[in-house]
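Q: Compute the structure for the input listed below.
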Amino acid sequence: QVQLVESGGGLVQAGGSLRLSCQASGHTFNTYTMAWFRQAPGKEREFVASISWSGGTTYYADSVKGRFTISRDNAKNTVFLLMNSLKPEDTAVYYCAASEPPVEPQYADEYDYWGQGTQVTVSS
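A: Numbers count the residues shown, from 1 in each chain. Model (predicted):
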């Protein structure tokens, strides 16, 4: 069993930056693929980024590529999402997710564990 707690969300102006953190409990953190998804009001949950257990493989949604960076610290059971050059369309609740290595890391159904989410609001 893995429990995930996100933090770091908030209100930021367009062009600004935020760093989200996801603290995981459980001794098997370093075997899990970790990901960030987001959900805006009235929209479906969408993939943002994922990172393999070693940190050696990352994937990004086209909409965030070049602006967001996912990373992890297995010694601290934490995964991060650094978000630069934020845009109003990045406004959403951001969720951390964990899974045994998924076949298709961009699909939410592949993930077994989810955090409660943290709100990110980007003002124009």
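
Q: Now do the contacts for Ala35.
A: Contacts for Ala35 (CB atoms under 8 Å, 6 or more residues apart in numbering) come out as Phe47, Val48, Ala49, Ser50, Ile51, Ile70, Cys96, Ala97, Ala98, Ser99, Pro105, Tyr111. C-beta: built from backbone N, CA, C; applies to glycine.

Q: Quick one: those residues as a markdown table, columns for neighbour count too.
A: What follows is those, written out as a markdown table (neighbours: other CB atoms under 10 Å):
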| residue | neighbour count |
| --- | --- |
| Phe47 | 21 |
| Val48 | 25 |
| Ala49 | 24 |
| Ser50 | 25 |
| Ile51 | 24 |
| Ile70 | 21 |
| Cys96 | 28 |
| Ala97 | 27 |
| Ala98 | 23 |
| Ser99 | 20 |
| Pro105 | 21 |
| Tyr111 | 21 |
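
Q: Among those, which one sits closest to Gly117?
A: Nearest to Gly117 among these: Cys96, at 8.3 Å, using CB to CB.

Q: ok, and the closest non-adjacent residue to the closest one?
A: Cys22 (3.4 Å; CB to CB, 6 or more residues apart in numbering).

Q: In a strand, the one you found, correct?
A: Yes - under DSSP: H, G, I helix; E, B strand; the rest coil, Cys22 falls within a strand.

Q: so it makes contact with Gly9?
A: No - using CB atoms under 8 Å, Cys22 is not in contact with Gly9; the gap is 11.2 Å.

Q: Give the residue from the two that has the larger number of neighbours.
A: Comparing Cys22 with Gly9 by other CB atoms under 10 Å, the one with more neighbours is Cys22, at 25 against 18.

Q: Distance of that one relative to Trp114?
A: As judged by CB to CB, to the nearest Å, Cys22 and Trp114 stand 10 Å apart.

Q: Next: Thr28.
A: Distance, Thr28 to Trp114, using CB to CB: 16 Å.

Q: the more surrounded of the two?
A: Taking neighbours as other CB under 10 Å, Thr28 and Trp114 compare with Trp114 leading, 18 against 13.
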